[in-house]
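Visitor: Sequence and predicted model, in that order:
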Amino acid sequence: NAGVTQTPKFQVLKTGQSMTLQCAQDMNHEYMSWYRQDPGMGLRLIHYSVGAGITDQGEVPNGYNVSRSTTEDFPLRLLSAAPSQTSVYFCASSWGLAGVAEQFFGPGTRLTVL
Amino acid sequence: GQQLNQSPQSMFIQEGEDVSMNCTSSSIFNTWLWYKQDPGEGPVLLIALYKAGELTSNGRLTAQFGITRKDSFLNISASIPSDVGIYFCAGHPIKGGNQFYFGTGTSLTVIP
């Protein structure tokens, strides 16, 4: 049981490049989410999904796209990277909706945009 | 978005001392969680609280869901070097939909 896995662990992009951060979970969780963590700040929700085919925006969705074609995978796409998107990105999953279920986090992707 | 104020921001303590930290919100929450994050890792859940007044322990850690439902507390007793890390509170407001909100973290350093 691998839990929540994220790839890559580190990434450097140039401004304007696009890329996809991968997230997968093997716990059959319905709820998955993406957060970013910046120095001195708590985790902020980017996008989340309550099941395959259903996604919604969190606090800071601009510049990011998501899709959920399977229960297991929840990729995060940066369409045109900007230096303001330099951050550590965490994917999380839980069995139910926020408020009733505990979230399990992946190890993170450290992204630098030059 | 929701504001969660976590204090203190950082703590430097001697091994064996007890630690207290707290988190306050501007609205009523129905769930409080406490996480620990080690350097280079994702947060790991320590304690989950679901009812006002609830007091829950996990080894040397004890957390409480405040009776006002706008705050939560985490205590660590007899600290040891492996307690070093950043501790985050997180909560779900009653009218928060599908979103958790996180505090800014308390950085704990334990001096042997």
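Guide: Cool, the structure landed. Numbers count the residues shown, from 1 in each chain, chains lettered A, B, ... in the order given.
Visitor: Those residues of chain B touching chain A, which are they?
Guide: B:1, B:4, B:6, B:30-31, B:33, B:35, B:40-45, B:48, B:50, B:88, B:90, B:92, B:96-105 (Cβ under 8 Å from any Cβ of the partner chain). C-beta coordinates here come from the backbone N, C-alpha and C atoms, glycine included.
Visitor: residues contacting residue A:40?
Guide: Shown here is residue A:40, whose contacts under the criterion Cβ atoms under 8 Å, 6 or more residues apart in numbering or on different chains are residue B:104.
Visitor: For it, what are phi and psi?
Guide: Residue A:40 adopts backbone torsions of phi 80, psi 10, taken as degrees, to the nearest 10.
Visitor: what's the weakest-modelled helix or strand in the chain?
Guide: Assuming you mean chain A. Scoring the helices and strands of chain A by mean pLDDT, DSSP states H and E places strand A:104-105 at the bottom, with a mean of 90.
Visitor: wrong one, chain B
Guide: Looking across every helix and strand in chain B, the one with the weakest confidence, judged by mean pLDDT, DSSP H and E, is strand B:101-102, at a mean of 90.
Visitor: Just checking: what are the partner strands of the strand or helix carrying residue B:91?
Guide: Residue B:91 is part of strand B:85-93, with elements assigned from DSSP states H and E. The strands beside strand B:85-93 in its sheet (DSSP bridges) come out as strand B:29-37 (antiparallel), strand B:101-102 (antiparallel), strand B:106-111 (antiparallel).
Visitor: can you map out the strands along chain A?
Guide: When assigned using DSSP state E, the strands of chain A occupy the ranges A:4-7, A:10-13, A:19-25, A:31-37, A:44-51, A:54-57, A:64-66, A:76-78, A:87-94, A:104-105, A:109-113.
Visitor: of these, which approaches chain B most closely?
Guide: strand A:104-105 (3.5 Å; Cβ to the nearest Cβ).
Visitor: Please pick the buried ones from the residues of chain B next to chain A.
Guide: B:4, B:6, B:30-31, B:33, B:35, B:42-43, B:48, B:88, B:90, B:92, B:96, B:98-105 (16 or more other Cβ atoms under 10 Å in any protein chain shown).
Visitor: which bits of chain A sit near chain B?
Guide: Applying Cβ under 8 Å from any Cβ, one finds that chain A approaches chain B through A:4, A:31, A:35, A:40-45, A:48, A:50, A:56, A:58-59, A:90, A:92, A:97-100, A:102-108.
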